[in-house]
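**Q** Provide a 3D model corresponding to the input given below.
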Amino acid sequence: MFKTIFRFIPVRRYSNSSFIAGVIFGCCLISFVNHEFHRPLFLSLLSGNDGNSNGHYETFFKNFDNETGADRFIVPNIIHFIRFDNFPLGFVDYVVLKAAMRNHKPDKFFFHTDVKNATCEGKYWDLVKKDRDLWSRIEVKYLEAPTEIFGQQLSEDFRFYHGSDIARIRVLMQYGGIYLDNDCFVIHSLDKYRKFECVVNWDEGQFLGNQVFIAHKNSRFLALYLESYKDNYYPDRWYYNGGERPTTEILFHHPHLIHRVKGNFGADTGVGSSLFTDPNYDWRRFDIIHMLMGHRYYMDPHFNETEEFDEDNIRTYRYTFGTMARQVLDLEPDFSLSP
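**A** This next block holds a predicted model:
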């Protein structure tokens with residue numbers, strides 16, 4: 001490239017001042033070309049692991065390959081949880097937190113909540129505090145639950161659900177990192193996904209799953225995802241804006257904007273239901289499983305026997321979720337009293 005540039009520059013009849021000026025120009029040109037053309041664009045813009053440039057999603061990752069990814073981590077090692085209208089931890093929340101710590105070990109856990117003056121109090125928060133390594137990584141951040149999007153009022157019935165759909169996009173556009181629903185159980189390290197612009201579970205024949213997102217804050221998809229709500233929010237449709245519209249209007253046409261995960265995030269309902277019906281389900285083949293705890297009441301035939309899990313009855317629970325929970329809590333099974 002440099003030979004082509006300099007081939008047309010005359011090399012005779014220069015005065016000393018012209019020669020010096022030419023040398024300076026040439027050195028600057030070489031430096032610019034080397035900087036701009038021999039380093040990936042996102043690396044020239046990044047500062048540290050997570051970058052410091054917002055608002056340039058059209059060009060920030062221009063020509064980035066979401067199939068191969070970067071040669072280093074570009075997504076910060078932060079796990080985000082959103083807890084609107086409810087901050088105390090329950091048993092399943094505690095299991096999820098322990099699994100993410102043991103199996104992935106992020107630098108930070110950010111709990112985003114609209115509960116003013118939220119305090120980490122209660123039985124399971126007390127257990128978290130006893131784990132000094134885990135407790136040292138937790139930060140609580142106040143986040144107002146959205147009531148509207150681009151001037152459109154959110155559904156009264158689905159406000160916190162649709163609000164969470166919106167908030168997770170905004171949180172990732174602010175910080176970058178790993179967003180998890182509160183019932184997503186991490187099984188293996190997620191570091192291999194932190195080299196991509198944006199990682200989304202998108203199974204064959206389905207809409208994207210927004211239970212897990214792993215993304216750089218300047219992800220092109222995140223910005224387009226949020227913009228897809230403009231003049232198109234449907235308050236009475238549960239998953240239209242959260243999953244259907246971004247799939248059909250963005251990913252069908254621009255699949256290169258994400259690193260597509262098929263199956264490894266365990267978002268299929270068949271996976272979640274197996275945790276409560278199959279005592280020997282092969283759960284370790286996934287990186288994450290969305291456990292669908294809010295749907296147990298109709299998926300789990302044994303729901304009435306164990307409506308709420310705790311550290312005592314989990315010892316006698318024969319199905320796969322029992323095995324998963326006991327593993328991260330270092331508990332031994334006790335089936336002597338169970339049917």
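**Q** ok, residue 226 touching residue 165?
**A** No: Residue 226 is beyond contact range of residue 165, at 10.2 Å (criterion: C-beta atoms under 8 Å). From N, CA and C alone the C-beta is placed, and that goes for glycine too.
**Q** give me the more crowded residue out of those two.
**A** Taking neighbours as other C-beta atoms under 10 Å, residue 226 and residue 165 compare with residue 165 leading, 21 against 17.
**Q** check contacts around the more buried one.
**A** With contact taken as C-beta atoms under 8 Å, 6 or more residues apart in numbering, residue 165 is in contact with 210, 241-242.
**Q** let's see it at 6 Å
**A** Counting by C-beta atoms under 6 Å, 6 or more residues apart in numbering, residue 165 touches residue 242.
**Q** what sits up against whatever helix or strand residue 179 lives in?
**A** Per DSSP states H and E, residue 179 falls inside strand 177-180. Contacts to strand 177-180, defined as C-beta under 6 Å, 6+ apart, come from residues 76, 78-80, 168, 172, 212-214.
**Q** following that strand, which helix or strand comes up?
**A** strand 184-186.
**Q** returning to that earlier point: closest one to residue 330 out of the contacts of strand 177-180, please.
**A** The closest of the contacts of strand 177-180 to residue 330 turns out to be residue 79 (C-beta to C-beta; 21.1 Å).
**Q** could the contacts of strand 177-180 go into a markdown table alongside neighbour count and pLDDT?
**A** Shown next, in a markdown table, are the contacts of strand 177-180 (neighbours: other C-beta atoms under 10 Å; pLDDT from 0 to 100):
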| residue | neighbour count | pLDDT |
| --- | --- | --- |
| 76 | 19 | 98 |
| 78 | 21 | 98 |
| 79 | 25 | 99 |
| 80 | 24 | 98 |
| 168 | 25 | 98 |
| 172 | 25 | 98 |
| 212 | 25 | 98 |
| 213 | 27 | 98 |
| 214 | 29 | 98 |
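**Q** tell me which of these fall in strands.
**A** Members of the contacts of strand 177-180 lying in strands (criterion: DSSP state E): 78-80, 212-214.
**Q** now the residues you listed as JSON lines including distance to residue 271?
**A** Formatted as JSON lines, those follow (distance: C-beta to C-beta, whole Å):
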{"residue": "78", "distance to residue 271": "26"}
{"residue": "79", "distance to residue 271": "21"}
{"residue": "80", "distance to residue 271": "22"}
{"residue": "212", "distance to residue 271": "13"}
{"residue": "213", "distance to residue 271": "18"}
{"residue": "214", "distance to residue 271": "19"}
